[in-house]
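**Q** I would like to see how this sequence folds:
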Amino acid sequence: MSKRVCRISGNDAEERMMEHKPAQIAGLLFEAVQQARIFPDSKTFADCRARFDDAHIQRAFAQQLREFVGAHFELPAEPPAVALADSASLAQHIDRLWTQLERAPQADEAGSSAIALAHPHVVPGGRFREIYYWDSYFTAEGLAASGRLDLVEGLIRNFADLIERFGYVPNGTRLYYLGRSQPPMFCALLQLLERHRGFDAIRAFVPQLVREYDFWMDPRFGMEAGQGVQAAAASVHWPQAHAHVVELAPGERLNRYWDAHDSPRPESFAEDLHTRAQAPASRRASILRDIRAGAESGWDFSSRWFGAGGTLAHIRTTELLAVDLNALLWEIECRLADWLGRVGDDRAPVFAAAAARRGALIQAQCWDASAGWFFDRHWPSGERSEAWTLAGAFPLYCGLVEEDQAARMAEVIESRFLRPGGVVTTLVRSGEQWDAPNGWAPLQWIVVQGLRRYGHHRLADDIAERFIGLVERVWRRTGKMMEKYDVCDMALAAGGGEYPVQDGFGWTNGVVRALLAARKGIRG
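**A** Take a look at the predicted model:
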């Protein structure tokens, strides 16, 4: 009887052997030991034999790490919540919350990742213990309605200091946020203060607004010394993209979200590594910058940014001309033309011309007349994004549209985005937090104010009442002001995202307080 020999191919044998990699050749423990250079010869640890099974070793390693962190670092403390019984009304509750979220000036502190701030300010709450850029404008609208213009001025002064220090306002006031900003709302903050105290109150901050604008238009941002940008005239290939700037043709520039770094975010390190591992090979080289750019947009994350495949692993933020960003930059150009003109600065006509160019480009690239809506544009292909999102309402909010466009947009808002609790962020349920069924306070404000700007008060008031009603319902049931809400199913808790739903919450407080003031004639 002949023997039958079972042979395993080299590749199959290798795959079977490597299905389970011991801790001394792969994983976090392996990387920590090797990068710490515990042994002068890296092969030493790789040749070790484990005394315990892998699960036991990983548990022991995690426990050692927890004990080490506890011994060498001070963990962040959570502030106490304001009791529901302390407030008779939602407006009173929000007014009380400002004292919980207010922070005194902060000096540089050894060993901390916080960026020092010289003036009083307000934080969002929950895990967000520092100020965030675009959050602060929506918070400030509520502060003004509560009669706290002192804190509005504090926010403006802090942002002006950050622009002087870094050339832009970082995403948030932590060192790990350097390299990106957020939707540029410094101009809106200045307009808010001007509305209450006149132009003289903001005159001193106009130079910082100019400098922030230069940041968004700087094609060399994030480059190392000695690097340069190829001159547009020397190339026949269009469009060209450098940092935040996309030049569609000579002299035709629009903007995208971007980040100076292409590494995992320190605040979401494990999540970013996981996403990169899930990405198709064609996207792995660029995905970390696209994730960071999505964080700069404030929409972290949304199907708005996804390409074919429809998940975070297919994110392509840097490939999109963002309609909200460009509308905000158009507004900055308009305001600088006005404010510089008031002080006799000869750059005023330059900004007026820039606004005219950008406005025409936004209309040409982002407006879809048949749909009656503005969309992001995929600049490498020249095709418009298929994603219906409330980012398309920013031209309405900024005053970029004509009356007939505004009427079409009002119809779209009512027919496509209106839900029982307000307006929904997108029409897609992806599981990401900036998608259906979630609604966000800042987007309610953008839509409501945009509609009011063009005289569509019935719909604006309807949206405001729906959102106020939802917020108050959740507050009376839970005692909490939430970061985001389920506006479709009216559930007590929204979902999606990289972290649990947060309460506090700065921009919800601000928007609701301002909407209440407009409705009831409350001070502000």
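**Q** For the residue nearest to the spatial centre of the chain, give its distance to Pro183.
**A** Centroid-nearest residue in the chain, with C-alpha atoms, centre = their mean: Gly298, separated by 1.4 Å. Computed with C-beta to C-beta, to the nearest Å, the distance linking Gly298 and Pro183 is 6 Å. Just so you know, the C-beta spots here come from the backbone N, C-alpha and C atoms, and that holds for glycine as well.
**Q** Need the overlap of contacts for these two.
**A** Trp134 (C-beta atoms under 8 Å, 6 or more residues apart in numbering).
**Q** pretty sure the residue nearest to the centre of the chain contacts Gln182?
**A** Yes - here Gly298 reaches Gln182: they are 5.4 Å apart, a contact under C-beta atoms under 8 Å.
**Q** neighbours around the nearest residue to Ser181 once chain neighbours are set aside, how many?
**A** Nearest non-adjacent residue to Ser181, counting by C-beta to C-beta, 6 or more residues apart in numbering: Tyr168, 4.8 Å away. Each residue near Tyr168 was counted by other C-beta atoms under 10 Å, and the total is 26.
**Q** and the longest helix along the chain, how far out from the chain's middle?
**A** Ordering each helix of the chain by length in residues (DSSP state H) puts helix 457-478 first. From the chain centre to the centre of helix 457-478 is a distance of 24 Å (C-alpha atoms, centre = their mean, to the nearest Å).
**Q** who touches it?
**A** 84, 90, 93, 410, 413-414, 418-423, 439, 441, 444, 447-449, 451-452, 480-482, 485, 487, 490, 492, 503, 508, 511-512, 515-516, 518-519.
**Q** Restricted to helices, list these.
**A** Short answer: these in helices (DSSP H) are 90, 93, 410, 441, 444, 447-449, 451-452, 508, 511-512, 515-516, 518-519.
**Q** Now list the buried members of the residues you listed.
**A** 90, 93, 410, 441, 444, 447-449, 451-452, 508, 511-512, 515-516, 518 (16 or more other C-beta atoms under 10 Å).
**Q** The residues you listed: which two are farthest apart?
**A** His93 and Ala410 (31.9 Å; C-beta to C-beta).
**Q** quick one, what contacts the residue nearest to Ser181?
**A** Leu162, Ser181, Glu212, Phe215, Trp216.
**Q** buried set for the host helix or strand of the third one?
**A** So the one you mean is Glu212. Secondary structure assignment for Glu212, by DSSP states H and E: helix 206-216. For helix 206-216, the neighbour count (16+ other C-beta under 10 Å) marks Val206, Gln208, Leu209, Val210, Glu212, Tyr213, Phe215, Trp216 as buried.
**Q** tell me what that helix is packed against?
**A** Counting contacts by 3 or more C-beta pairs under 8 Å, 6 or more residues apart in numbering; DSSP states H and E, helix 206-216 is packed against helix 149-166, helix 186-197, helix 323-342.
**Q** if you compare those, which one is most tucked away?
**A** Most buried of those, by mean neighbour count (mean count of other C-beta atoms under 10 Å): helix 323-342, with a mean of 23.
**Q** What segments of the chain are strands?
**A** For the chain, the strands defined by DSSP state E occupy 102-103, 121-122, 240-242, 245-249, 252-255, 320-321, 367-368, 373-374, 377-378, 383-384, 418-419, 422-423, 438-439, 485-486.
**Q** got a markdown table for those strands, with mean pLDDT and mean neighbour count too?
**A** As requested, the strands of the chain are exported to a markdown table (pLDDT from 0 to 100; neighbours: other C-beta atoms under 10 Å):
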| stretch | mean pLDDT | mean neighbour count |
| --- | --- | --- |
| strand 102-103 | 96 | 16 |
| strand 121-122 | 96 | 26 |
| strand 240-242 | 97 | 18 |
| strand 245-249 | 97 | 19 |
| strand 252-255 | 98 | 21 |
| strand 320-321 | 98 | 26 |
| strand 367-368 | 98 | 16 |
| strand 373-374 | 98 | 28 |
| strand 377-378 | 98 | 20 |
| strand 383-384 | 98 | 15 |
| strand 418-419 | 98 | 18 |
| strand 422-423 | 98 | 26 |
| strand 438-439 | 98 | 26 |
| strand 485-486 | 97 | 25 |
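**Q** could those strands be laid out in TSV, adding distance to Arg335?
**A** Shown next, in TSV, are the strands of the chain (distance: least, C-beta to C-beta, whole Å):
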stretch	distance to Arg335
strand 102-103	28
strand 121-122	23
strand 240-242	25
strand 245-249	20
strand 252-255	17
strand 320-321	21
strand 367-368	22
strand 373-374	20
strand 377-378	24
strand 383-384	28
strand 418-419	30
strand 422-423	26
strand 438-439	28
strand 485-486	31
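**Q** Just tell me which of those ends up closest to Thr139.
**A** Across the strands of the chain, closest to Thr139 is strand 121-122 (C-beta to C-beta), at 5.5 Å.
**Q** and the angle for the longest helix of the chain with helix 441-453?
**A** Interaxial angle, helix 457-478 versus helix 441-453 (axes from the mean of the first three to the mean of the last three C-alpha atoms, to 10 degrees): 150 degrees.
**Q** In helix 457-478, which residues are buried?
**A** 459-464, 466-468, 470-471, 474-475.
**Q** How about stretch 307-316?
**A** Gly307, Thr311, Leu312, Ala313, His314, Ile315, Arg316.
**Q** Would you reformat those as CSV and include pLDDT and distance to Leu117?
**A** What follows is those, written out as CSV (pLDDT from 0 to 100; distance: C-beta to C-beta, whole Å):
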residue, pLDDT, distance to Leu117
Gly307, 96, 38
Thr311, 97, 37
Leu312, 97, 32
Ala313, 98, 36
His314, 98, 37
Ile315, 98, 31
Arg316, 98, 34
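**Q** Just the pLDDT for the closest residue to Gly142 other than its chain neighbours.
**A** Spatial nearest neighbour of Gly142, chain neighbours left out: Gly510 (3.0 Å); criterion: C-beta to C-beta, 6+ apart. Predicted confidence (pLDDT) for Gly510: 98.
**Q** what's the spacing between Gly510 and Phe138?
**A** 5 Å.
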